[in-house]
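**Student:** output the structure for:
(chains A and B)
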Amino acid sequence: MAQVSIHRDTLVVEIEGLDKLWALKSRLEIPMVNVRGATDDPGVIKEPKGIRSPGAHVPGVITAGTFRIDGERIFWDVRDAAKAIVIELRDERYARLIVEVADPRATVALIEHAIVRSTN
Amino acid sequence: MIKTAAGLFAGRAYDGISVDDLVSHLGVHRNSLYKVFGSKRGLYLAALRWHLEHQVRPLLTKVSTAPDPAQMLRDTLVADDANSELDLLLMAAVERAPVDPEVADEIARTLRGCDAAVDLALRGAAIGGDAPSELAYTLVATILGLRLRSRTSADLSGAGIALFNHLHQTRR
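**Tutor:** Presented below is the predicted three-dimensional model:
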């Protein structure tokens, strides 16, 4: 599970609990200008994950860490697919973040509103 | 692809369409969808802008430049099925504009275009050259309202024609 918040012009993604161990990451900070959009997407869990580098993938249990696929680096932290959101980035180490959050709809709205504000 | 997305968003609520729906109907890879549009909202905005540019604007041009604009207004905006070209505009105005400022801007700009086109149509011919400017605003609201009602009932198909006939008669 991840905690997503926005501090000034930065998107902050904090990985909670034991997921930090599997994801080998506890916190990501992304300038909002590099955030292209967010979508709640439970179906994303069915997508091929690619090659772990490094990370943990136990189907139906957890997908966490860095995965490479189609020349892109994707960060995953998902246990419950129903709460998965996809955050698309530009000019960052990761092409996108796929993380589980407590309230996908509210988190997507938070990010999308911040994008609209930062582009106006 | 954008046209197909516009059709999907015109028929169902934004939240009722999942990324799985989009991927299967549009025949695109999920990662490509994110790469190109950034998010479902990004695709929605692209589809809405396509709809306004390629479906609504030509309709307005047709209305405002027709030899008999009043007749054209009646034929294009009131006919039973032709109004489906207004459905995404309607859906966006009702469900997304209140929560998305970019959608609200697009819709407001288009509605002003509708007012201008209908105003030209009213001044052009049969309905009457001395129509007050507020009439165009009222008529656009009525046309959109009729289309909204027609989505819930098949019995309202004659309502728009009756309205235009009434306007035509009272302006003679």
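
**Student:** contacts and neighbour counts: CA atoms only from here.
**Tutor:** Will do.

**Student:** point out where chain A drops to low pLDDT.
**Tutor:** A:21, A:23, A:120 (pLDDT under 70).

**Student:** three-state assignment of the residue nearest in space to the middle of it?
**Tutor:** Taking C-alpha atoms, centre = their mean as the criterion, residue A:97 is the residue nearest the geometric centre of chain A, at 2.8 Å. Under DSSP: H, G, I helix; E, B strand; the rest coil, the three-state class of residue A:97 is strand.

**Student:** isn't it right up against residue A:73?
**Tutor:** No: in this structure, residue A:97 sits apart from residue A:73 without contact. The criterion is C-alpha atoms under 8 Å, and the distance is 9.1 Å.

**Student:** okay, now residue 53: neighbour count?
**Tutor:** Reading this off chain A. With neighbours defined by other C-alpha atoms under 10 Å in any protein chain shown, the count for residue A:53 comes to 12.

**Student:** I was after chain B.
**Tutor:** Applying other C-alpha under 10 Å, we find 13 residues neighbouring residue B:53.

**Student:** residue A:11 now?
**Tutor:** Neighbours around residue A:11, by other C-alpha under 10 Å: 20.

**Student:** check which helix or strand covers it.
**Tutor:** With elements delineated by DSSP states H and E, residue A:11 resides in strand A:10-15, which encompasses its position.

**Student:** what's the distance between residue A:51 and residue A:96?
**Tutor:** In this structure, residue A:51 and residue A:96 are 15 Å apart, going by C-alpha to C-alpha, to the nearest Å.

**Student:** so between the two, which is more surrounded?
**Tutor:** Remark: of residue A:51 and residue A:96, residue A:96 carries more neighbours, 25 against 15, as counted by other C-alpha under 10 Å.

**Student:** so what sits opposite the residue nearest to the centre of chain A in the bridge?
**Tutor:** Beta-bridge partners recorded for residue A:97 (DSSP bridges): residue A:75, residue A:87.

**Student:** list the contacts of residue B:38.
**Tutor:** Applying C-alpha atoms under 8 Å, 6 or more residues apart in numbering or on different chains, we find residue B:38 in contact with A:36-38, A:88-89.

**Student:** so of those residues, which ones are in helices?
**Tutor:** Secondary-structure check on these using DSSP state H: no residue lies within helices.

**Student:** give me the subset of those that also touch chain B.
**Tutor:** A:36-38, A:88-89 (C-alpha under 8 Å from any C-alpha of the partner chain).

**Student:** and the furthest pair within the residues you listed?
**Tutor:** Distances among these were taken as C-alpha to C-alpha; the most separated pair is A:38 and A:89, at 9.2 Å.

**Student:** which of the two has more neighbours?
**Tutor:** When neighbours are counted by other C-alpha under 10 Å, residue A:38 and residue A:89 differ, and residue A:38 comes out ahead with 29 against 23.

**Student:** please name the nearest non-neighbouring residue to that one.
**Tutor:** Of all residues beyond its chain neighbours, the one nearest residue A:38 is residue A:87 (4.4 Å), with distances taken as C-alpha to C-alpha, 6 or more residues apart in numbering or on different chains.

**Student:** can you give me the strands for chain B?
**Tutor:** Assignment of strands within chain B using DSSP state E yields no ranges at all.

**Student:** can you give me the helices for the chain?
**Tutor:** Using chain A here. Using DSSP H, the helices of chain A run over A:19-23, A:104-119.

**Student:** meant chain B actually
**Tutor:** Taking DSSP H as the criterion, chain B carries its helices at B:2-11, B:19-26, B:30-37, B:40-51, B:57-65, B:69-78, B:87-91, B:101-124, B:133-150, B:159-170.

**Student:** so which residue is smack in the middle of chain B?
**Tutor:** Taking C-alpha atoms, centre = their mean as the criterion, residue B:86 is the residue nearest the geometric centre of chain B, at 2.5 Å.

**Student:** tell me how far that residue lies from residue A:10.
**Tutor:** Applying C-alpha to C-alpha, one obtains 39 Å for the distance of residue B:86 from residue A:10.

**Student:** repeat for residue B:49
**Tutor:** As for residue B:49, its distance to residue A:10 is 29 Å (criterion: C-alpha to C-alpha).

**Student:** ok, residue A:13 - contacts?
**Tutor:** Residues in contact with residue A:13, defined by C-alpha under 8 Å, 6+ apart, are A:2-5, A:27-29.

**Student:** nearest to chain B among those residues?
**Tutor:** Taking C-alpha to the nearest C-alpha as the measure, chain B lies nearest residue A:4 of the contacts of residue A:13, at 16.9 Å.
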